[in-house]
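*Asks:* This is a predicted model, with the sequence first.
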Amino acid sequence: MTAPAEASPQQSPKPGLNIAPYKTDVHPVWCPGCGDFGVLTCIYRMLATKQISPEQTVIVSGIGCSSRLPAYVNAYGFHTVHGRVLPVATGVKSANPKLEVLAVGGDGDAYSIGAGHIPHAARRNIDVCYIVMDNEVYGLTKGQGSATAPVELVKGTTPFGQLDEPLNPIAMAIAYNISFVARGYSGKPKELTELIIQGVEHNGFALVEVLSPCTTFHDTYKPISQRIRFIEPSHDPTDRLAAMKLAFEKDTIPLGLIYKSERSSFHERIQMTLDRAAKKGAGNVEKTLDSFK
Amino acid sequence: MTAPAEASPQQSPKPGLNIAPYKTDVHPVWCPGCGDFGVLTCIYRMLATKQISPEQTVIVSGIGCSSRLPAYVNAYGFHTVHGRVLPVATGVKSANPKLEVLAVGGDGDAYSIGAGHIPHAARRNIDVCYIVMDNEVYGLTKGQGSATAPVELVKGTTPFGQLDEPLNPIAMAIAYNISFVARGYSGKPKELTELIIQGVEHNGFALVEVLSPCTTFHDTYKPISQRIRFIEPSHDPTDRLAAMKLAFEKDTIPLGLIYKSERSSFHERIQMTLDRAAKKGAGNVEKTLDSFK
Amino acid sequence: MIVFRIGGEGGEGVISCGEMLTLACARMGNEIYTFRSYPAEIKGGYAMFQVRTSNDILLSHGSALDVLVCFNQEAYDRCIAEMRNENSVLIYDSTSCHPKGDFKGIAYGVPASDLARLEMRNYLTKNVIILGILSKLFGIDPNILEEILRQRFGKKGEAILNLNFQALRKGIQYVEQNIEKRDHFLVTEQQNDNRIVLSGNQALALGAIAAGCRFYAGYPITPATDIMEFLARELPKYNGVVIQAEDEIAALSMVLGASYTGVKAMTASSGPGISLMAELLGLAGMAEIPAVIVDCQRAGPSTGMPTKTEQSDLNHALYAGHGEAPRIVMALSSVEDAFFGIIRAFNYAIRCQVPVIVLSDQYLAQRTATIRRPDMSKVIIEERKQPSAAELEHYKRFRLTETGVSPMAVPGEKGGVFTATGIEHGEDCELSYEPDNHMRMTQKRFKKLELVLKGADLYRRHGVQDQEIGIVGWGSSEGVIREAVQKANDKGLKVAAFHPKVLFPMLPEIGVFIRSCKKVIVPELNFTGQFAREIRAKFGVDVISYTKVAGLPFTPDELLEQIEKVNDQYVSKVK
Amino acid sequence: MIVFRIGGEGGEGVISCGEMLTLACARMGNEIYTFRSYPAEIKGGYAMFQVRTSNDILLSHGSALDVLVCFNQEAYDRCIAEMRNENSVLIYDSTSCHPKGDFKGIAYGVPASDLARLEMRNYLTKNVIILGILSKLFGIDPNILEEILRQRFGKKGEAILNLNFQALRKGIQYVEQNIEKRDHFLVTEQQNDNRIVLSGNQALALGAIAAGCRFYAGYPITPATDIMEFLARELPKYNGVVIQAEDEIAALSMVLGASYTGVKAMTASSGPGISLMAELLGLAGMAEIPAVIVDCQRAGPSTGMPTKTEQSDLNHALYAGHGEAPRIVMALSSVEDAFFGIIRAFNYAIRCQVPVIVLSDQYLAQRTATIRRPDMSKVIIEERKQPSAAELEHYKRFRLTETGVSPMAVPGEKGGVFTATGIEHGEDCELSYEPDNHMRMTQKRFKKLELVLKGADLYRRHGVQDQEIGIVGWGSSEGVIREAVQKANDKGLKVAAFHPKVLFPMLPEIGVFIRSCKKVIVPELNFTGQFAREIRAKFGVDVISYTKVAGLPFTPDELLEQIEKVNDQYVSKVK
Ligand SMILES: Cc1ncc(C[n+]2csc(CCOP(=O)(O)OP(=O)(O)O)c2C)c(N)n1
Ligand SMILES: Cc1ncc(C[n+]2csc(CCOP(=O)(O)OP(=O)(O)O)c2C)c(N)n1
Ligand code: SF4
Ligand code: SF4
Ligand SMILES: [Mg+2]
Ligand SMILES: [Mg+2]
């Protein structure tokens, strides 16, 4: 039963947490009250808490209001094209596993044009934390309903109501066996920061689906705050079926860590391949050339 | 415990079933023993059983060995490009809902390049039966492992073994809330025919995931026949969580109808929109022009 | 004739103030022509709206400004240099904008921000207060403005509507009590029947409906989204289907699926989405499926500058997609042409069974203009060539014919059963890797394009008949070019413009025109001179490529200057 | 010199028979040059393999056939017209092929099918039996063939290997016992050091490793897959990463992500996959990320003819993607050039921070040839321009510089922190929609390309110095063109060829060459004459576009004929 006001980013961070080194002087272009402010603050806090150095961090994004985020963080950033945040992040992390790689973007970017890349990032288990700011609309193109929009939403492209069933990103994530699946709310920044910290610490692909309302085109603070609940501690996130049950829940919106499993991450398995190959001898161009004699 | 021989397409159809009108004189280019022969036969039988007229049927496919299927059926066909079978089928069915639309293709077409379109076909619940011939490889490009390939498979692009976890198409389908989800085996043509008939009869999106071995590059008849089992009749396919449990099963491969739910299909909801619009008056170009005066 | 410009911060109501001003001028019977430029973000950044109004036909948004309205200092700093002369009028928010000594015209300061904040107690009313000020100063009928406010805000409830009425009156009163009119600009009532006012995107969408389009699939993108939003409201009334696809690849796939069933189908997008369609263009070409694809061009490659204009997708439209697949490329030249052009696009697609790419751009898509109300009785709508009963006896989908066009059966048709495919095939859809067949089929597919060259309305010509200097532009610059040519003709320069509406296949008439000129200028809004290159390649004649890549349209004066330069350098010397 | 061709049904071992024959000739010290053409399906359809072998350098797969091996009737019917003369040899499977009276050369019938089926009791041994027959007839060392069989079949177990050895001997015996050699063709042992034998795809992949490529992402597609398969085996030994992506969009995305971190990265595909990359090309251009993109062209638009050759993706390579994003387009001309060319491609990408599209094609990708073993000590490898410590104090990623190239920091570098973006931006990555900035940045991005024109190895020239007729071809036709030019020169025709290796930016030397000729022929394997159009546009000179769109490469004789025609028509007349 949280009041929407909680979503405002002005909330002061934990005493002692210095987020200043992670800010840039670029002023966010977001509208007042946009949920993405809250997410940005949580990312600052995560970085400050974990003391990750800016130059070791890469934030990759797609296109959308939410995808503007990398420019607001003092870290390497790659603001790419619509829907390709995950394969780009896969390239970054695989080429240099030492980097801390975050992927961020909106629901349109993630679940519409980018939907085909998620199962593959999951299957590889790339060691990337992906924060999806889900506002159920395409914010930057002026608020058309997205694939997570509720039934009967009336917007520019659905003047007679959007009638398709919304996707269930959490159920999809569990079906993909994404190894860390959580849901947060930009109006609950303390808990969201915690989830993002866990997602970053997780070895493998972490999806943090964040309810992040669009105040301008689809202000959902009120209905969300009426429906959220924190997942009871008794939930065992390693129980995939139990996780799925939470995902299918309709009356309330469970927040917190929903599913988690441990397995090797993509760059670790790339290393396995390198090790197997090394047994055939180190690469040597002269030798390879000679093999064609 | 079925012997692989059962996969051969020579099996004679049900007595009295005349599949001849559905055959074309194009000779399938598939290798001897390819599972796709079995699937083709089942499609003939479905058509013959349901007495669907060839000219009312459209079979859409992508690219791959399996996607060659439309040319072998006496029906309208559209052999499109790699991965786009579902959006094309969506266009066909929405533009003319009277047509019986089938979509067919391989696992690469469906779960790799085409993966982004499945959740959206599901969310729309297009009234199309989608038959995926899953052989765990890219047959037409000579047998590289696909996203459903088993761990440690050694193929052209994975000479040191493919190490990523295979996707679980059935779990994904249930998470997408595809309204009819079944698994068949080309080596069990009788049961497969039945599933395809049900899938076609189903009002909404039906996914029939078919184990259809590639004899040339990845002959899995034996391991499959050792692991399959038919789903016990006690299974309630409308129980989504029970369906998910079947999907997560690891030791055996459950065959049959796994999940089913009833809701309006896409063209029915399009009709709702048309009905709502009609209340604003029938379209008239002259009148619309005048509204800009 | 008056050129108004309103400038300020995005989100302050600059654009909607301009839109209402435009509508009011139009409803008073005036011709209007607008231009907008605004940031890609939802809030913040510099936004401007320009409207030119006149009792005579307008060809462009104009070059110099008569009335400049500054919501803030930035607007002043950016625009003041563009004022026409010392009769020009500056209206500025005296709270937030401070004109410098350099301005020589007539200035009226108005404390609009203060009025909004302090008197109306709602900062958002600022733009309507300014509307009131404009109303009183320039004689714009307040009743018409009230009607417009009612249409805009009526749905939001009585309270909001009344607030806006008050704001309008506040502006009017302010002028009555504080300002003595020193300028001579007035918007007058005109008798002007049979004219309608609409944007490029609206005209295009309406034209599509008129052409018989009954299926649209698209994905939101600036500046094309309005087309989908318009069709989402209108097409269902015509029993037409609009689908918001999951991306542009899906959108064009759906269009091809729908078109395969015999329905006229279209998608619209802008650069990034159009880029994603490259592979499917080839499928449409190969499987001979008609489709209309609208590209509302925006500036720059990649995400670029989404709300700015440019004509830099021509290369992509002509050549995107591996291999050689036939297509037709058209460019729309005006709001009126958006209506008729899209109808021709459907006709070409149907006639030739190919994809037709229709190039619009942000300048045209989002500008509003007054046009003649189209006379539907003069519009020709073509339908698909279907196989005869005799042909259906031994139907071959890709039968070689004289024109290259083969009758196309649609699902449901008995005897017409065939499998369309993107693999090379023979006449009866049989896959074929034979050298001869590939050659024959490639020829067939390109032969069809010749059918376009035989139609009407392929180009327009402006200016004198005995030209020395020729202008061959394309797309939305037509009005600007025409206005520049008129001005040049008035100055005695022998200039004429040839404006092709079909860019591919290339019209042979362009060659004839070029050869009749001493020098030809090809103005286009891109960096490399894309159309100029095509002309050089096709006709072996050199042309002067005049380009601009600033996210803004040409102005008539810019073009005029270029014409004069060319005249001085090449033509007058020659004499 | 002998030109062998083997033809038959796909899946019967035609291709592998040809490959083994090729390898044996090469191991005997001969030069070899192959060409293959086969159906897109896994089983069935017509397949052929041609190998030309000689003790002299070879430039093409040849025009006429010396030895034709027919596995079936279809092969005979298709190929018999291409036999060189009455000394030519026909070897045919007498079970399944029946030569007609029209063949005038030397024919040997062999019951290979029967031998395989009845004596070897395994039909699949047919191709090895034929290999034995060729061995005995033309003196191909059976020990070398046994070694090759061991390498191919060793892994499949003793039984299979022995079966193959027996089949080989069966063929040899058959000749010994039944055939009296009536022809004069013999493959002889040569002393030929420092030569290696590899395919275009292998040379390219090896060159990429030599260039320092340590990241590859791709998606299977004919005829590019071998590159990925080769790199999947080799790159891990160099600590390099190979990822099979979910599609080509993901593949190029991964490459851009990897390159962003400072690693040299590449993808390879063919038409359909390359078409899907159009949007990302723009991102790479805009965000100035180096990338190498190989396009092994195949025939036709859409799925087309996947296993046939064509040069029809040039348009797409030059112009795909909305807006104007810089890129470099290269074409590989031979197996040797595949090795060195890909190294230059990486150098260009790194030097200019742009995507480089490298055009290969099925003819080159899948043909095997003998080449000089590359001397690695002569290879120059360029590395990325990184910011100095001083620059890092106030680092601006897109700083305007004289060359346009701005030093590029990589993640991990302190002080280098920046956000790459596809939105238009200023020097410090700040988003900008300002007209001037867009102009400046567009200029910057294109300016960089000039750095390519300064390098070496940009083109090759063949033929006489005082040419009257010029040939400007591109890509894999170089050898064929060179052979045709040689033949023409031998006949006294004054012909020379200019073969550019970089197609964009266009080399000014092409203009110089063209102007030095009376007439210029531009041969290319496409329908519309794509490169000819570019030349006309760039240099304003007309050229003769000589095209072929049959899925097959040119032959030297075809070209020679064209040269003679042009000579008769334009040049000798002029004299
Ligand atoms: C290929 C492509 N298609 C369409 C667009 C236009 N576009 C920009 S942002 C956006 C959607 C944004 O929605 P979402 O990802 O949910 O982000 P939000 O703005 O809501 O944060 C779209 C469709 C684009 N930039 N590129
Ligand atoms: C865009 C694109 N990328 C790649 C290819 C090459 N290709 C042809 S078929 C195929 C995969 C086929 O695998 P699958 O869909 O599983 O069908 P199967 O052959 O196994 O039945 C690929 C990658 C293509 N035709 N188009
Ligand atoms: S439009 Fe919506 S999502 Fe975008 S910045 Fe504004 S509030 Fe946020
Ligand atoms: S390669 Fe495999 S999938 Fe393709 S036809 Fe042969 S057996 Fe079937
Ligand atoms: Mg969103
Ligand atoms: Mg497969």
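*Replies:* Received the coordinates, thanks. Ligands and ions are numbered 1, 2, ... in the order given.

*Asks:* what's the neighbour count on the closest residue to residue A:215 other than its chain neighbours?
*Replies:* Leaving aside its sequence neighbours, residue A:215 sits nearest to residue A:33 (Cβ to Cβ, 6 or more residues apart in numbering or on different chains; 3.9 Å). From N, CA and C alone the C-beta is placed, and that goes for glycine too. Using other Cβ atoms under 10 Å in any protein chain shown, residue A:33 has 18 other residues around it.

*Asks:* tell me the SS of residue A:33?
*Replies:* coil (DSSP: H, G, I helix; E, B strand; the rest coil).

*Asks:* Next up, the contacts around the nearest residue to residue C:541 once chain neighbours are set aside.
*Replies:* Nearest residue to residue C:541, sequence neighbours excluded (Cβ to Cβ, 6+ apart): residue C:514, at 5.1 Å. Applying Cβ atoms under 8 Å, 6 or more residues apart in numbering or on different chains to residue C:514 gives the contacts C:470, C:472, C:498, C:520, C:535, C:539, C:541, C:543.

*Asks:* Can you flag which of those belong to strands?
*Replies:* Per DSSP state E, strands hold the following members of those: C:470, C:472, C:498, C:520.

*Asks:* closest to residue D:264 among those?
*Replies:* Residue D:264 lies nearest to residue C:472 out of those, by Cβ to Cβ, at 44.2 Å.

*Asks:* give me the number of residues near that closest one?
*Replies:* 23.

*Asks:* Touching stretch C:132-149 from outside, list them.
*Replies:* C:2, C:4, C:20-21, C:23-25, C:27-28, C:67, C:69, C:89, C:91, C:108, C:110, C:112, C:128, C:131, C:161, C:164-165, C:167-176, C:179, C:181, C:183, C:185-189.

*Asks:* so which strand or helix has the most centrally placed residue in chain A?
*Replies:* Nearest to the geometric centre of chain A sits residue A:131, at 1.5 Å (Cα atoms, centre = their mean). According to DSSP states H and E, residue A:131 maps onto strand A:129-134.

*Asks:* Does the following helix or strand past that strand reach ligand 3?
*Replies:* As assigned by DSSP H and E, the chain's next helix or strand after strand A:129-134 is strand A:137-138. No. Figure legend: strand A:137-138 not in contact with ligand 3 (Cβ under 6 Å from any ligand atom); closest approach 7.2 Å.

*Asks:* Give the other helices and strands that strand A:137-138 contacts.
*Replies:* Strand A:137-138 is packed against strand A:144-145, with contacts defined by 3 or more Cβ pairs under 8 Å, 6 or more residues apart in numbering or on different chains; DSSP states H and E.

*Asks:* What are the phi and psi values at whichever residue of the stretch 101-250 of chain A sits closest to ligand 5?
*Replies:* Distances between the stretch 101-250 of chain A and ligand 5 by Cβ to the ion are smallest at residue A:106, namely 3.5 Å. Main-chain torsions, residue A:106, degrees, to the nearest 10: phi -100, psi 180.

*Asks:* if we can go back for a sec, also near ligand 6: which of the contacts of residue C:514, exactly?
*Replies:* Contacts with ligand 6 within these, counted by Cβ under 5 Å from the ion: none were found.

*Asks:* PyMOL command for the buried members of the residues you listed?
*Replies:* Of the contacts of residue C:514, the buried ones can be selected in PyMOL as follows, counting by 16 or more other Cβ atoms under 10 Å in any protein chain shown:
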select buried, chain C and resi 470+472+498+520+535+539+543
